[in-house]
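**Q** here is a sequence together with a model predicted from it:
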Amino acid sequence: MKLERCENGHVYNSGRYKECPYCNSERLEDVEVREEAIDIIQNDEDKTVAYWANELDVEPVVGWVVCISGYDKGKDFKLKTEKNFIGRGPEMDICISGDNSITRKNHAIITYNPKQRVFMMLPGEGTGIVYVQNEAVYSPRQLNSFDVIEIGNSKFTFVALCGENFDWKIEK
């Protein structure tokens, strides 16, 4: 796997993609086609659990935030397991570069706990307040699908993929 960083700060596998898949999703072209994806879906105590056939060079998505108001309106941001740092800086997991009211580094954090299968919103190191469903976040707060998150002058809708009914089970 060969990792590269695009001009917008996204890190991607250049062995798999010719261009940054986050910046150029309409023109996305795989360098190689992988035949193994999800191999088997098991039903474990009324919860669907999927696992990868082979260990891939992919960090599975656990959810998304989609900008519904602000500079990046219409843009989606992939959430990975554990901590997702939000800020204006290109090194952030979720880079909101056009909203100058968002702190450059660690304005807020969205976490996914794979053991408890729960998403949380945490305030970051920025001076601005983060809101979920119009309530200020001063300490960790659980996120539910379609909660509205306000950061700076931008609003986002949170969409969970993993949780009570589904989670990735990666065999190692």
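**A** Alright, I've got the coordinates.

**Q** beyond the helix or strand of the chain at the bottom of the mean pLDDT ranking, next helix or strand please.
**A** Least confident helix or strand, the chain: strand 47-52 with a mean of 37, by mean pLDDT, DSSP states H and E. Remark: after strand 47-52, the chain's next helix or strand is strand 63-69, criterion DSSP states H and E.

**Q** not counting that next one itself, show me its contacts.
**A** Residues outside strand 63-69 that contact it (C-beta atoms under 8 Å, 6 or more residues apart in numbering) are 73-79, 94, 96, 110, 112, 119, 148-149, 154-162. For the C-beta atoms, the positions are set from N, CA and C on the backbone; glycine is no exception.

**Q** identify the bridge partners of residue 66.
**A** Residue 66 has the following beta-bridge partners by DSSP bridges: residue 76, residue 157.

**Q** since we're on it, how many residues are nearby?
**A** For residue 66, the count of nearby residues is 15 (other C-beta atoms under 10 Å).

**Q** from residue 108, how far out is it?
**A** Counting by C-beta to C-beta, to the nearest Å, the separation of residue 66 from residue 108 is 16 Å.

**Q** now do residue 132
**A** Taken as C-beta to C-beta, the span from residue 132 to residue 108 is 10 Å.

**Q** between the two, point out the one with more neighbours.
**A** Per other C-beta under 10 Å, whichever of residue 132 and residue 108 has more neighbours is residue 108, with 26 against 20.

**Q** which ones are touching the more buried one?
**A** Applying C-beta under 8 Å, 6+ apart, the residues contacting residue 108 are 86, 121-124, 126, 130, 137, 149, 151.

**Q** go ahead and flag the most central residue of the chain.
**A** Centroid check for the chain by C-alpha atoms, centre = their mean gives residue 79 as the closest residue, at 1.3 Å.

**Q** what's the closest non-adjacent residue to that one?
**A** residue 63 (4.3 Å; C-beta to C-beta, 6 or more residues apart in numbering).

**Q** okay, now that neighbour: neighbour count?
**A** Residue 63 has 21 neighbours, counted by other C-beta under 10 Å.
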